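Asks: Here's my sequence, what's the structure:
(one chain, ligands or ions: 1)
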Amino acid sequence: CHRYYNRPFPPSPPGHWFFGHTFHIPAYKPWAKFIEWGRSTAGPLYILWVARNPVIILNDFQVADDLFNKQRAAFSTRPPRVMASLCGFDRGLTFLPPGRSFKKTRRYLHEALNVRAIQACESMQMTEAQTYALRLLESSENVQDESRMLYSAMLISFSLGYRPPNLSDSIIAHSDRVAKDAALILTTGKFWVEFFPFVRHLPVAFLGSQVARCVRDFKADLEELITESSRITQAALDHPEIPASFCSKILREVKSQDYVETKELVDYASLSMYAGAVDTTIASVDTFLVAMMLNPDIQLKAQKELDNVLGSGRLPIHADRTSLPYVEAILTEVLRWNPPVPLTSRKLASDVDYSDYILPGGASVVANIWAMNHDPELFSDPQEFQPERFIGPTGREAIRLVHQATFGFGIRVCPGQHFATSSLWIVIATLLVTFTISTVPGEHNEPGLDCEEGALIRVLPYKCTLKPRSQAIVDALKRCSESSAAAQSK
Ligand code: HEM
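Replies: Next up, the predicted model:
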């Protein structure tokens, strides 16, 4: 049926008369195409037609703030994902519509991850950052694997209270598989069924062999992960002397009649955290290392600041953060320059009037975080890595803007943002104190920030040289590692 509107829809870039823009959205860096369309024809707010459905693109921070933050109720559901519901992933927080389960899960995450609560994780984050630096002292051959180990260990320790010893541990393998499956489900155009939501009511066997195989594999990955993490949590519940983790703390306190419901919510909350946390933070560590290779002067300036504040032979701790504005500026510039989640989307609950336009209820709305962080009106020379933009009188406001765009909007704002920033800060500061970061001599290709296809940024493999800056700092790292090993064995 046709609806009648008293205002026009936002403008649209040219597209096919029947298919609209369906075949024009690239799977590789769609955010860049969205910027190009905005610049060349349509302005910062425009509409695309994908399989005859409206998709509204927001390239401008102010528009996203007006809509996603100030009209939260209309912009709180994600567009439905057929594959997520076929595979059982729709109980993960990223896919949940607002309602009872959503509210409870967000509350659990908020209680564990708010600015104050996160202070309880600082010593774990610092120990993991030092262990990471020690492993890189031995070899920087596989720096990306080491970063994966760093963040997998942090997240699993935090949510399950178990520290996996290495990357081949089964809980990491299972968690990584589910995170990868979720990222594929979120990739626009990956599965044809997403264009035809009604097919989710059909038997899977009717959907073709590729979809059927993925549904079977993704479901199996999810079941295996839940079984494995339940086993670890149960072991913690059976041994009250084991320190509480995110999962065991909630389950120790819940009333017995609510146990089954809470257990399911907590299982999905913990896998949503892993899927939300690991690839995003690793992308930021990669971005940092590449930025340091490309900008030796910036690296040197940060190391001078650290040496002035810490003296020689002392490793950074979180309490140093406020005394190190230039390191803070580098962290912010890493998040701005290469935002790990370049796009985020909603399904519009009802018609909304905005500026001179009507945004039709039911449309998908995509906020282009990449475009906001690279808006030349907000950040001059946006392609340049320039931490200086966050120093001086306008610095604080610019930092706030970057955090607001990079971690998303409204009631779906990233619940892990304080965990992300405090852990990235200690990792960056520890690396800067320990190493001179440079390109590998003889490697001809300039390190760059190219990434894989997909919804999240995954930086393509690169090589770097990490040379210890002093024997005093190497000794300090070894001492810290011995004392944390001794503390663990007690
Ligand atoms: C640099 C690191 C990170 C970045 C840039 C990032 C960014 C984002 C963004 C943009 C969203 C979507 C928000 C929206 O739709 O408006 C999001 C959602 C989410 N993030 Fe993060 N994130 C990071 C790290 C983390 C960490 C460390 C955790 C957990 C400890 C986490 C857990 C989640 C979860 C569970 C969601 C889904 C929230 C929902 O749909 O209600 N993220 N994140």
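Asks: any idea which helix or strand carries Pro164?
Replies: Under the criterion DSSP states H and E, no helix or strand holds Pro164.
Asks: Correction: the previous question concerned Leu449.
Replies: Taking DSSP H and E as the definition, Leu449 sits outside all helices and strands.
Asks: For it, which residues are in contact?
Replies: Residues counted as contacts of Leu449 (Cβ atoms under 8 Å, 6 or more residues apart in numbering) are 287, 290, 337-338, 459. Backbone N, C-alpha and C define where each C-beta goes, glycine included.
Asks: can we see that at 7 Å?
Replies: If you count contacts by Cβ atoms under 7 Å, 6 or more residues apart in numbering, Leu449 has them with 287, 290, 338, 459.
Asks: Kindly indicate whether the second one is helix, strand or coil.
Replies: It stands for Val290. helix (DSSP: H, G, I helix; E, B strand; the rest coil).
Asks: Distance check, it against the ligand.
Replies: Distance of Val290 to the ligand, given as Cβ to the nearest ligand atom, to the nearest Å: 15 Å.
Asks: just the last one next, same as before
Replies: Shown here: Val459 relative to the ligand, a distance of 13 Å by Cβ to the nearest ligand atom.
Asks: Can you report phi and psi for that residue?
Replies: phi -70, psi 140 (degrees, to the nearest 10).
Asks: can you check the third one too?
Replies: Backbone dihedrals for Asn338, given as degrees, to the nearest 10, come out at phi -140, psi 70.
Asks: The residue lying closest to Pro26 once chain neighbours are set aside: neighbour count?
Replies: Distances taken as Cβ to Cβ, 6 or more residues apart in numbering place Lys33 nearest to Pro26, at 5.5 Å, with adjacent residues excluded. By other Cβ atoms under 10 Å, 16 other residues sit near Lys33.
Asks: before we move on, what about Leu315?
Replies: Neighbour count for Leu315, taken as other Cβ under 10 Å: 21.
Asks: Tell me the spacing between it and the ligand.
Replies: Distance from Leu315 to the ligand, by Cβ to the nearest ligand atom: 22 Å.
Asks: Specify the local secondary structure of that residue.
Replies: Under the three-state scheme (three-state DSSP), Leu315 adopts coil.
Asks: Hmm, Ala429 and it touching each other?
Replies: No: contact between Leu315 and Ala429 fails when scored by Cβ atoms under 7 Å: they sit 8.5 Å apart.
Asks: Run a quick neighbour tally on Pro26.
Replies: 14.
Asks: could we number from 613 for the rest of this?
Replies: Noted, 613 is the first residue going forward, which turns the last one into Pro638.
Asks: What pLDDT does the model give it?
Replies: Here, the pLDDT recorded for Pro638 equals 84.
Asks: three-state assignment of it?
Replies: Per three-state DSSP, the local secondary structure of Pro638 is coil.
Asks: re earlier: return the member of the contacts of Leu1061 nearest to Lys831.
Replies: Checking the contacts of Leu1061 against Lys831 by Cβ to Cβ gives Val1071 as the nearest, at 29.8 Å.
Asks: measure the closest one to Glu835 for me?
Replies: To Glu835, Val1071 is 31 Å away according to Cβ to Cβ, to the nearest Å.
Asks: Compare the two (neighbour count), which wins?
Replies: Neighbour count, other Cβ under 10 Å: between Val1071 and Glu835, Val1071 has more, with 23 against 13.
Asks: Give me the neighbour count for the closest residue to the more buried one other than its chain neighbours.
Replies: Nearest non-adjacent residue to Val1071, counting by Cβ to Cβ, 6+ apart: Asp898, 3.8 Å away. Close neighbours of Asp898, defined as other Cβ under 10 Å, add up to 26.
Asks: Asp898 reaches Pro1073, doesn't it?
Replies: No: when contacts are counted by Cβ under 7 Å, Asp898 is not listed as touching Pro1073 (9.5 Å).
Asks: what is in contact with those two at once?
Replies: Gln756.
Asks: Which residues of the protein lie near the ligand?
Replies: By Cβ under 6 Å from any ligand atom, the residues of the chain that approach the ligand are 705-706, 725, 884-885, 888-889, 892-893, 896, 952-953, 956, 1018-1021, 1024-1028, 1031-1032.
Asks: hmm, try it at 5 Å
Replies: 705-706, 884-885, 888-889, 892-893, 896, 952-953, 956, 1018-1021, 1024, 1026, 1028, 1031-1032 (Cβ under 5 Å from any ligand atom).
Asks: These in strands, which ones?
Replies: Thr956 (DSSP state E).
Asks: just so I have it, where are all the helices in the stretch 863-1012 of the chain?
Replies: Under the criterion DSSP state H, counting those that start in this stretch, the stretch 863-1012 of the chain contains helices at 871-906, 908-922, 937-949, 981-985, 1007-1018.
Asks: just checking, what packs against the third one?
Replies: Counting contacts by 3 or more Cβ pairs under 7 Å, 6 or more residues apart in numbering; DSSP states H and E, helix 937-949 packs against helix 871-906, helix 908-922, helix 1007-1018, helix 1029-1046.
Asks: Swap in 8 Å and give it another go.
Replies: helix 871-906, helix 908-922, helix 981-985, helix 1007-1018, helix 1029-1046 (3 or more Cβ pairs under 8 Å, 6 or more residues apart in numbering; DSSP states H and E).
Asks: Which residues does the fourth one contact?
Replies: Surrounding helix 1007-1018, the residues in contact under the criterion Cβ under 8 Å, 6+ apart are 673, 676-677, 937, 940-941, 944, 947-948, 951-953, 981, 984-985, 990-991, 1001-1002, 1029, 1033.
Asks: separation between the residue nearest the centre of the chain and Gly1066?
Replies: Centroid check for the chain by Cα atoms, centre = their mean gives Thr892 as the closest residue, at 3.4 Å. Separation of Thr892 from Gly1066 (Cβ to Cβ) stands at 12 Å.
Asks: can you check Asn665 too?
Replies: Distance, Asn665 to Gly1066, by Cβ to Cβ: 22 Å.
Asks: higher neighbour count, these two?
Replies: Gly1066 (18 against 15).
Asks: That one: what's it in contact with?
Replies: 639, 795-796, 799.
Asks: And the pLDDT for it?
Replies: At Gly1066, pLDDT is 74.
Asks: and the closest residue to Met904 other than its chain neighbours, what is it in contact with?
Replies: Distances taken as Cβ to Cβ, 6+ apart place Ile1049 nearest to Met904, at 4.1 Å, with adjacent residues excluded. Counting by Cβ under 8 Å, 6+ apart, Ile1049 makes contact with 901, 904-905, 911, 1043, 1076-1078.
Asks: Could you say which helix or strand holds Ile1049?
Replies: Ile1049 belongs to strand 1047-1050, assigned by DSSP H and E.
Asks: Counting neighbours, which bits of that strand end up buried?
Replies: Going by neighbour count (16 or more other Cβ atoms under 10 Å), the buried part of strand 1047-1050 is 1047, 1049.
Asks: pull the CA atoms of it into PDB?
Replies: What follows is strand 1047-1050, C-alpha atoms only, in PDB (Å, rounded to 0.1, in the frame of the first residue of the first chain):
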ATOM      1  CA  PHE A1047      60.300   0.300  22.000                       C
ATOM      2  CA  THR A1048      61.400   2.400  19.100                       C
ATOM      3  CA  ILE A1049      58.800   1.500  16.500                       C
ATOM      4  CA  SER A1050      60.000   1.600  12.900                       C
END
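Asks: Paired strands for it, with orientation please.
Replies: Applying DSSP bridges, strand 1047-1050 is found paired with strand 1077-1080 (antiparallel).
Asks: Name the residues of the partner strand that are buried.
Replies: Leu1078.
Asks: Which elements pack onto the next helix or strand after that strand?
Replies: From strand 1077-1080 onward toward the C-terminus, using DSSP H and E, the following helix or strand is helix 1083-1101. Packing partners of helix 1083-1101 (3+ Cβ pairs under 8 Å, 6+ apart): helix 734-750, helix 1029-1046.
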